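Colleague: give me a model of this one.
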Amino acid sequence: MDCEAVKEKLIAYIFGELPEPAQREVSEHLKACKSCSAECKSLVSIVNTLRDNWISAPIKKARHRTRTVSYTHLRA
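Modeller: Modelled structure (predicted):
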């Protein structure tokens, strides 16, 4: 598999959505190609940042609301 084909499949690879043979081919290419490996690491970092922010933002808001409601009840 060449670099162009791998780069087209990186997002599906990161999410584990490729069929097993393609997943293995991309994995083998990434072991041998520094450029594609660096791009994959960059995409993984972006995905993780987005995932962390999408997951943690609602939790932080819920915690804040819970504290606000608790504080309001304590003062009443």
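Colleague: against Trp54, how distant is Ala12?
Modeller: In this view, Ala12 and Trp54 are 20 Å apart by Cβ to Cβ, to the nearest Å. From N, CA and C alone the C-beta is placed, and that goes for glycine too.
Colleague: neighbour count: the two, which is higher?
Modeller: A count of neighbours by other Cβ atoms under 10 Å puts Ala12 above the other of Ala12 and Trp54, at 14 against 9.
Colleague: can you give me the pLDDT of the more buried one?
Modeller: The model reports Ala12 with a pLDDT of 94.
Colleague: host element of it?
Modeller: Secondary structure assignment for Ala12, by DSSP states H and E: helix 3-14.
Colleague: any idea how far that helix is from the chain center?
Modeller: 15 Å (Cα atoms, centre = their mean, to the nearest Å).
Colleague: now stretch 6-25
Modeller: Relative to its chain's centre, stretch 6-25 lies at 14 Å (Cα atoms, centre = their mean).
Colleague: so which residues of the chain form strands?
Modeller: With DSSP state E as the criterion, the chain has no strands.
Colleague: where does the chain dip in pLDDT?
Modeller: Regions of the chain meeting the criterion pLDDT under 70 cover residues 55-76.
Colleague: and Val26, how many neighbours?
Modeller: 23.
Colleague: dump the residue contacts of it.
Modeller: Residues in contact with Val26 (Cβ atoms under 8 Å, 6 or more residues apart in numbering) are Met1, Val6, Lys9, Leu10, Tyr13, Leu18.
Colleague: ok, of those residues, which one's closest to Leu50?
Modeller: Nearest to Leu50, judged by Cβ to Cβ, of those is Leu10 at 15.1 Å.
Colleague: how about the most centrally placed residue in the chain, nearest residue that isn't a chain neighbour?
Modeller: Centroid check for the chain by Cα atoms, centre = their mean gives Val47 as the closest residue, at 2.8 Å. Leaving aside its sequence neighbours, Val47 sits nearest to Ile14 (Cβ to Cβ, 6 or more residues apart in numbering; 6.0 Å).
Colleague: confirm for me that the one you found is in contact with Lys41.
Modeller: No - using Cβ atoms under 8 Å, Ile14 is not in contact with Lys41, being 10.1 Å away.
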